[in-house]
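Colleague: okay, sequence plus prediction incoming.
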Amino acid sequence: MTHIITSLCLRDGGCVEVCPVECIVPGMPQDQYPWYYIDPATCIDCGACIPECPFEAIFTEDEVPDAYDAKADQKQAKPAGTPGFTEHFEGSNHHGHAVVMDTVKTLTAGETLNLRDDIQPNYDYFEKGPGYWDGWQQHAK
Ligand code: SF4
């Protein structure tokens, strides 16, 4: 098993600070990989990242909900080109640095999401995508 960061992630990055095996990477390029991603081959399932996420975006793989009830004004991010994900978002991360995203959607209260769709992209990021790109550790700090 592993832990999964879902599309509720808005790149806070606090999870990176607490991961004892440094297996969480900010997605890059951001428009294609808008979340942070967990390397499933390295994650030891300690659970430390879950309470660090201000967006409650992280779950154990078997607990990723298939019918998640969104809260009012909660946001979700998907890769560029995903229909409906065209909003501009400006926030700040765990370190107070600016986070700017352009592939976001604001959810309505009670909207139901199947977050299990977000499991495979986490695997793909390390198996087919950029994985541990050069400089990710500096970028995450
Ligand atoms: Fe890292 Fe532990 Fe989270 Fe796995 S569960 S990504 S090892 S903090």
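Modeller: Done, it's in. Computed from a predicted structure; not experimentally measured.

Colleague: got a list of what residue 16 touches?
Modeller: Taking CB atoms under 8 Å, 6 or more residues apart in numbering as the criterion, residue 16 is in contact with 22, 24-26, 36, 94, 140. (C-beta placed from N, C-alpha, C; glycine too.)

Colleague: can you select the buried ones from those residues in PyMOL?
Modeller: Buried members of those, defined by 16 or more other CB atoms under 10 Å, are picked up in PyMOL with:
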select buried, resi 24+25+26+36+94+140
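
Colleague: for the protein, what lies in contact range of the ligand?
Modeller: Within the chain, the positions adjacent to the ligand are 3, 18-19, 21, 23-24, 38, 43-49 by CB under 6 Å from any ligand atom.

Colleague: restricted to buried residues, select the residues you listed in ChimeraX.
Modeller: Entered in ChimeraX, the line below selects the buried ones among these, by 16+ other CB under 10 Å:
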select :3,19,23,24,38,43,48,49
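
Colleague: any chance of the residues of the chain next to the ligand in CSV, plus pLDDT and secondary structure?
Modeller: As requested, the residues of the chain next to the ligand are arranged in CSV below (pLDDT from 0 to 100; DSSP: H, G, I helix; E, B strand; the rest coil):
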residue, pLDDT, secondary structure
3, 98, strand
18, 97, helix
19, 97, coil
21, 97, coil
23, 96, coil
24, 96, strand
38, 97, strand
43, 97, coil
44, 97, coil
45, 97, coil
46, 97, coil
47, 97, coil
48, 98, coil
49, 98, coil
